[in-house]
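Participant: Sequence first, then the predicted structure:
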Amino acid sequence: MIWRLNRLAAGRRWQRWLLRGIVLVGALGVVIVIALAAVIVRYGMADRAKPADVIVVLGGGEEGTTRRAQHAAALYHQGIAPVVLCVGGTTWTSGLSEAAHCAAVAGQLGVPADAIIIEADSLSTEENAIRSAALMRGRGWSTAVVVSDDYHLLRARWMFARQGVTAWTSPAQITTGSLKLSEKTISVLREIGALVWYALKTLLGLPYTRVDGV
C-alpha cells in the first residue's frame, strides 16, 4: 500500500513538472514572438534609401505590388537610382505577373519604359534576391534600394545581403501611408514565421525552395 501511494505521489509530481514545463515553454514562445515582432516593426519604420545602382521592387500580391511600385516611382523621380527592377512571377487570373503589374504602375507614374526591367520568374522573396543579384552582377551593379512593405524589409535585406548585394531598404508606406492595424498584425505574424523558417533553413544549409509568395 505504501509503495502504491509513493508511486501515485511521484506520478503527480511528474505531472506538475510537465505542466510547469509546458507553461514555461509557452511563455518563452510568447516572449520570442513579441521580441521578433518589435524588431520587424522597428526595422521597417526607417527609410534607408540612398543613391544606388537600381531600385528593386518586390512583388506582394496585387495591392502590395501597387503600393511598392508607387513608392519605387517616387524614389526614381527623386534620383535615387536610374533603373527600376520589378521582380515577382506570381500571376493572377488576368495572367499578369507581379513584375508586369509593377512595371505598368511605374510607367503610369512617369518612369520611362527603358528605365524598367522585369524579372517575372521568381516566386518567393529568397528567389527574388537570388535572381535580382544575378541580374545585377551581369550588369556590373552592386548596390540596390529594396522596396517592399515595412514588415517585409528585415528579411528581404538579409536575403539580398546573403547574395552579395549592398542593399538599403525603403518602405512603401513612406509614399502610400500605413496599413490597417488588422492587416499589419496578420502580416507581421506571418513574417515572423517566414523569418524563423529562413533562419533554420540557413542554419541547416537547406536549398532555397520555390514557395509562392513567401
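Facilitator: On my side now, so go ahead. Numbers count the residues shown, from 1 in each chain.
Participant: Ignoring the adjacent residues along the chain, who's closest to the spatially most central residue of the chain?
Facilitator: In the chain, the C-alpha nearest the mean C-alpha coordinate belongs to His152, at 3.2 Å (CA atoms, centre = their mean). Closest residue to His152 apart from its sequence neighbours, by CB to CB, 6 or more residues apart in numbering: Glu191 at 6.4 Å. Every C-beta, even on glycine, is put in place using the N, C-alpha and C of the backbone.
Participant: State the phi and psi torsions of that neighbour.
Facilitator: phi -70, psi -30 (degrees, to the nearest 10).
Participant: For this protein, give me the ranges with low pLDDT.
Facilitator: 1-14, 16-18, 20-21, 25-27, 29, 93, 208-214 (pLDDT under 70).
Participant: Could you rerun that using 90?
Facilitator: 1-37, 61-62, 90-96, 178-181, 199-214 (pLDDT under 90).
Participant: now the strands: where do they sit in it?
Facilitator: For the chain, strands defined by DSSP state E occupy the ranges 54-58, 84-87, 116-119, 143-148, 166-171.
Participant: can you pull the contacts of Cys86?
Facilitator: The neighbours of Cys86, taking CB atoms under 8 Å, 6 or more residues apart in numbering as the test, are 57, 59, 69, 72, 98-100, 102-103, 106, 116-119.
Participant: you'd agree the residue nearest to His152 is up against Leu153?
Facilitator: No: applying CB atoms under 8 Å, one finds Glu191 not in contact with Leu153, separated by 9.6 Å.
Participant: Looking at the two, which is more packed in?
Facilitator: Leu153 (27 against 23; other CB atoms under 10 Å).
Participant: Not counting residues beside it along the chain, what's closest to that one?
Facilitator: Thr169 (4.1 Å).
Participant: what's the spacing between the one you found and Leu96?
Facilitator: 26 Å (CB to CB, to the nearest Å).
Participant: neighbour-wise, which of those two wins?
Facilitator: Legend: neighbour count by other CB under 10 Å for Thr169 and Leu96, higher for Thr169 (23 against 16).
Participant: residues touching the more buried one, list them.
Facilitator: With the criterion set at CB under 8 Å, 6+ apart, Thr169 makes contact with 43-44, 46, 48-49, 145-148, 153, 156-157.
Participant: gap between it and Ala99?
Facilitator: 19 Å.
Participant: ok, now Ser122?
Facilitator: 8 Å.
Participant: Which residue of the two possesses the greater neighbour count?
Facilitator: Neighbours were tallied for Ser122 and for Ala99 using other CB under 10 Å; the higher tally belongs to Ala99 (28 against 23).
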